[in-house]
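[1] Whatever this is, show me its structure:
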Amino acid sequence: QEHLVESGGGSVQAGGSLRLSCLATEDTDCNVDWGWYRRAPGKKREFVSEISRDGHTNYDNSAKGRFAISQDSAKKTLYLEMNSLVPEDTAMYYCKCRSWKRASLLEYWGQGTQVTVSF
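    As a prediction, the model looks like this:
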């Protein structure tokens, strides 16, 4: 069962921009926080950015000043605006959601969307 669906990845040249989207399905309520992670080829998955239900944001140092995370609660959609992209940003980007449900903290992951940045 899919809970999160990412989109917006693609191939861009260095210096370009992309906007990733993550749609939470009808029965998924990211009522704690949600965010973005990425996995580059041959590397471990790493944190990029997150946003809480009340709008508090957090960024990895590599994303500060270049990426902006936002959410549209009405559309149940999370965004990641990525600017000044560099080849080191090439990775599969994953959306992650945390939700309190029936006194349990649940965690959901999307299937990912590929971002490729070329010189």
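[2] quick one: average confidence on stretch 37-51?
    Stretch 37-51 shows an average pLDDT of 97 in the prediction.
[3] Could you number the chain from 24 rather than 1 from now on?
    Yep, numbering from 24; the last one is stretch 60-74 now.
[4] Nearest residue to residue 28 in space, please, no chain neighbours.
    Residue nearest to residue 28 in three dimensions, not counting chain neighbours: residue 46, with 4.8 Å by CB to CB, 6 or more residues apart in numbering. No exception for glycine: its C-beta is placed from N, CA and C like everyone else's.
[5] With residue 61 instead?
    Once flanking residues are discounted, residue 61 sits nearest to residue 114: 3.8 Å by CB to CB, 6+ apart.
[6] Would you check that that neighbour makes contact with residue 136?
    No. With contact defined as CB atoms under 8 Å, residue 114 does not reach residue 136; the gap is 10.0 Å.
[7] quick one: the closest residue to residue 109 other than its chain neighbours from residue 88, how far?
    Excluding the flanking residues, the one nearest residue 109 by CB to CB, 6+ apart is residue 37, at 5.6 Å. Per CB to CB, to the nearest Å, residue 37 is found 16 Å from residue 88.
[8] Comparing these two, which residue is more hemmed in?
    Neighbours were counted for residue 37 and for residue 88 using other CB atoms under 10 Å; residue 37 has more, 13 against 10.
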